[in-house]
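S.K.: Sequence first, predicted model second:
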Amino acid sequence: MRRYSVLLLVVALAAVGCFRKVAPPNFGPGSGGQQQQQPVELEVIQKPNGQTYDLIPLIDPKLDRQHGDRWAVLASGELRCDDQHAVPRIHVPYKPPEEYDFTVVFSQPNLRNGISLIMPKPGGGQFFWAIGYGGGTEYGFGGVQRTAGRIDGLIKTNTKYETTVQVRRGGVVGCINGRILASHQTNYNDLRNAHEDWRDMKDKTVLAVACDDPTTFHVIRITEVTGQGTRIR
């Protein structure tokens, strides 16, 4: 795997204007993305030190796709899905370490059900972070209703967005463009694949991404925080 330099994104101010604050990633009492009435700017994530790798070069659509036939790695180095409905999804052939940041940069020409980042649970099974469903307005971790939220104009068409899940021993954080949308203290037992059939993966030990409409994944990367990940081929 090659070292991947951090991608800088320009955040559209119009999309930030209606953001609501959620708890910072300290995993203490009261965390969980609870909404407040007054709109304020979202908390900035704490970026970890660690090795960062680009994962798209590891993906072979013929070997790694699970649902959807029209997956392709483009000459530009991006991953493209041109399928729709029933949650097209594909394995990323990499087993993450104990703690890490999983980051995807994506864009969609139309808004409907957004994308998902699918990750293995420490004790087996999987969980996911979904963003952009509800016509580009909603987000949350599967199985934990209190991490879910809705922001009008959260995702816009034909615009690149960076979403990150910070996986730590004590909890998870879901982010957009470097800012926190949801923070949840957990031992991972309450995180699950809601609607298992739609996001279930054959190999539950590796990372995966999913969508429900045509999507370009411009970047898929990992930052290892504690331990080292493993390529499976």
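M.R.: Structure's in. What do you need? Since we're looking at a predicted model, the values are computed, not measured.

S.K.: chain center to stretch 203-212: distance?
M.R.: Remark: stretch 203-212 is offset 10 Å from the chain centroid, using CA atoms, centre = their mean, to the nearest Å.

S.K.: buried stuff in it?
M.R.: Across stretch 203-212, burial judged by 16 or more other CB atoms under 10 Å covers 203-204, 206-212. Bear in mind the C-beta positions are built from the backbone N, C-alpha and C, glycine included.

S.K.: swap in stretch 66-81?
M.R.: Of the residues in stretch 66-81, those buried (16+ other CB under 10 Å) are 66-68, 71, 73, 78-81.

S.K.: Which strands or helices does the longest strand anywhere in the chain pack on?
M.R.: If you go by DSSP state E, the chain has its longest strand at strand 215-226. Contacts defined by 3 or more CB pairs under 8 Å, 6 or more residues apart in numbering; DSSP states H and E place strand 215-226 against strand 52-54, strand 79-81, strand 99-107, strand 207-211.

S.K.: closest to Gly178 out of these?
M.R.: Closest of the helices and strands packed on strand 215-226 to Gly178 is strand 99-107, at 10.0 Å (criterion: CB to CB).

S.K.: Remind me what the closest one packs against, helices and strands.
M.R.: By 3+ CB pairs under 8 Å, 6+ apart, strand 99-107 packs against strand 113-120, strand 161-168, strand 207-211, strand 215-226.

S.K.: Off-centre distance for that strand?
M.R.: Worked out by CA atoms, centre = their mean, strand 99-107 lies 5 Å from the chain centre.

S.K.: partner strands of it, parallel or antiparallel?
M.R.: strand 161-168 (antiparallel), strand 215-226 (antiparallel) (DSSP bridges).

S.K.: now those as CSV including mean pLDDT, mean neighbour count and distance to Gly50?
M.R.: Converted to CSV, those look like this (pLDDT from 0 to 100; neighbours: other CB atoms under 10 Å; distance: least, CB to CB, whole Å):
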stretch, mean pLDDT, mean neighbour count, distance to Gly50
strand 161-168, 98, 23, 11
strand 215-226, 98, 21, 5
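
S.K.: still on that earlier bit, who's in contact with the longest strand of the chain?
M.R.: The contact list for strand 215-226 (CB atoms under 8 Å, 6 or more residues apart in numbering) reads 4, 7, 47-48, 50-56, 59, 78-81, 92, 94, 96-108, 115, 160, 162, 168-169, 207, 209, 229.

S.K.: Cheers, nothing more for now.
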